[in-house]
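Undergrad: Sequence and predicted model, in that order:
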Amino acid sequence: MKPSNIIRGRFLMAAVFSLMANFLQAQNNFDMIKQIKAGVLDIGYAEAGAPSGQPVILLHGWPYDIYSYKEVSALLAAKGYHVYVPYLRGYGTTRFLDAATPRNGQQAALATDVIAFMDALKIDKAIIGGFDWGARTADIVAALWPERTKALVSVSGYLIGSQQANKAPLSPKAELSWWYQYYFATERGEKGYEANRRDFAKLIWQTASPDWHFTDAVFAQSAVAFDNPDHVAITIHNYRWRLGLAQGEAKYDDLEKQLAAFPVITVPTVTLEGDANGAPHPDPANYAAKFKGKYAHHNITGGIGHNLPQEAPKAFSDAIVEADGFTK
């Protein structure tokens with residue numbers, strides 16, 4: 001064999017081993033949860049991909065957890081991205097640093113957590129993606145801190161809300177879909193969720209994704225995150241705050257005032273919607289105008305429900321790559 005061929009062969013083998021290492025790291029990272037103090041929290045997070053890769057922060061929803069992104073993380077890490085998947089406040093290994101800190105679930109608090117997470121990890125700018133609570137949080141970060149957001153992927157599009165807007169009654173059919181929001185507004189609902197959080201979460205999974213036939217093992221893997229000591233308090237406060245039944249913290253008043261004006265999002269964005277999303281969600285035609293940068297929307301077919309990243313990981317990871325491409 002010619003020396004040049006030997007060198008070429010060794011180079012190819014090295015490249016293959018490098019790709020395999022990235023893939024294995026992406027596959028195993030969820031077994032090695034890291035912790036970092038950020039703002040008012042000690043945040044637990046999974047990490048995948050080469051340290052030199054473009055940072056991507058992926059945010060889960062309720063009642064889900066970081067495992068919504070396990071396959072997505074593997075796909076993105078294999079493409080050279082550096083992926084971070086934090087547990088939101090009230091989930092998994094994320095804890096409050098001070099017992100006296102209010103267990104606040106309002107939208108501005110969750111978004112501020114992301115900025116604190118980025119600051120702690122010295123991430124200047126990242127692609128941010130999410131669904132459910134995570135999509136709302138990603139939207140807010142993109143709207144209020146565009147200098148920290150390279151691009152955005154949001155399932156169900158523009159989800160920024162306000163207490164004032166939430167006072168308006170919906171149609172009876174729409175109100176029915178929010179049954180748990182009203183249940184949580186009662187003392188009975190709070191006690192019921194505390195006593196039955198896993199059964200409650202499984203019911204939401206089933207109704208929000210009616211065509212997703214997840215196994216008991218898949219659910220159990222995520223359900224551990226709901227054992228967080230602050231999970232119920234954060235969940236209850238989030239839904240009560242939305243209805244104006246619970247107060248937020250004064251330090252977020254300025255941010256909430258900006259959000260109540262429904263700011264446009266100027267960063268490059270891809271929005272996604274599953275064809276079998278059983279959870280309340282807006283019509284894509286109603287929010288397209290809120291995205292003023294380069295923008296694309298995709299309807300994902302095949303019985304894809306609310307937990308789109310876990311149900312259609314390739315479609316979600318492709319959207320991250322597409323949004324990143326909009327910046328070039």
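TA: Looks like it came in fine.
Undergrad: what comes into contact with stretch 222-234?
TA: By C-beta atoms under 8 Å, 6 or more residues apart in numbering, the surrounding residues in contact with stretch 222-234 are 63-68, 87-96, 103-105, 190, 193-194, 197-198, 201-202. C-beta here means a position set from N, CA and C on the backbone, and glycine is covered the same way.
Undergrad: same question, stretch 250-261
TA: With C-beta under 8 Å, 6+ apart as the criterion, stretch 250-261 contacts 106-109, 111-112, 140, 143-144, 160-165, 248.
Undergrad: what does stretch 317-328 give?
TA: 54, 56, 72, 75-76, 79, 81, 127, 129, 150-153, 268-270, 272, 293-294, 296, 298.
Undergrad: Please name the residues that touch the residue nearest in space to the middle of the chain.
TA: Centroid-nearest residue in the chain, with C-alpha atoms, centre = their mean: L59, separated by 2.1 Å. Residues counted as contacts of L59 (C-beta under 8 Å, 6+ apart) are 86, 88, 114, 128-131, 133-135, 137-138.
Undergrad: Include secondary structure and distance to A225 when you put those residues into TSV, please.
TA: Shown next, in TSV, are the contacts of L59 (DSSP: H, G, I helix; E, B strand; the rest coil; distance: C-beta to C-beta, whole Å):
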residue	secondary structure	distance to A225
P86	strand	12
L88	coil	9
V114	helix	18
I128	strand	20
G129	strand	19
G130	strand	16
F131	coil	15
W133	helix	13
G134	helix	13
A135	helix	18
T137	helix	16
A138	helix	19
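Undergrad: what pairs with the helix or strand encompassing A46, and is each one parallel or antiparallel?
TA: Using DSSP states H and E, A46 maps to strand 41-48. Here strand 41-48 is paired, per DSSP bridges, with strand 34-38 (antiparallel), strand 82-86 (antiparallel), strand 95-96 (antiparallel).
Undergrad: among the ones you listed, which is the most enclosed?
TA: Highest mean neighbour count among the strands paired with strand 41-48 (mean count of other C-beta atoms under 10 Å): strand 82-86, with a mean of 27.
Undergrad: Now restrict the contacts of stretch 317-328 to buried residues only.
TA: 54, 56, 72, 75-76, 79, 81, 127, 129, 150-153, 268-270, 272, 293-294 (16 or more other C-beta atoms under 10 Å).
Undergrad: Among the residues you listed, which ones are in strands?
TA: Among those, DSSP state E puts 56, 127, 129, 150-153, 269-270, 272 in strands.
Undergrad: Quick check: the two most widely separated of those?
TA: K150 and L272 (17.8 Å; C-beta to C-beta).
Undergrad: between the contacts of L59, which is nearest K314?
TA: Checking the contacts of L59 one by one against K314 (C-beta to C-beta), the nearest turns out to be G129, at 13.9 Å.
Undergrad: In terms of pLDDT, where does the closest one sit?
TA: Per-residue pLDDT puts G129 at 98.
Undergrad: Does it touch L152 like I think?
TA: Yes. Checked against C-beta atoms under 8 Å, the pair G129 and L152 is within contact range at 7.1 Å.
Undergrad: Dump the strands paired with strand 41-48 into CSV; add distance to A208 as well.
TA: Formatted as CSV, the strands paired with strand 41-48 follow (distance: least, C-beta to C-beta, whole Å):
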stretch, distance to A208
strand 34-38, 29
strand 82-86, 20
strand 95-96, 27
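Undergrad: rewinding a little: just the buried residues of the contacts of stretch 250-261.
TA: 106-109, 111-112, 140, 143-144, 160-163, 248.
Undergrad: okay, and the common contacts of G129 and L152?
TA: Common neighbours of G129 and L152 (C-beta under 8 Å, 6+ apart) are 138, 323.
Undergrad: picking that back up, so what does the residue nearest to the centre of the chain look like in phi/psi?
TA: phi -120, psi 130 (degrees, to the nearest 10).
Undergrad: so N299 sits in a strand?
TA: Yes. Membership of N299 in a strand is supported by DSSP: H, G, I helix; E, B strand; the rest coil.
Undergrad: now it, which residues is it bridged with?
TA: E273.
Undergrad: What number of residues are in the vicinity of it?
TA: Counted by other C-beta atoms under 10 Å, the residues lying close to N299 total 12.
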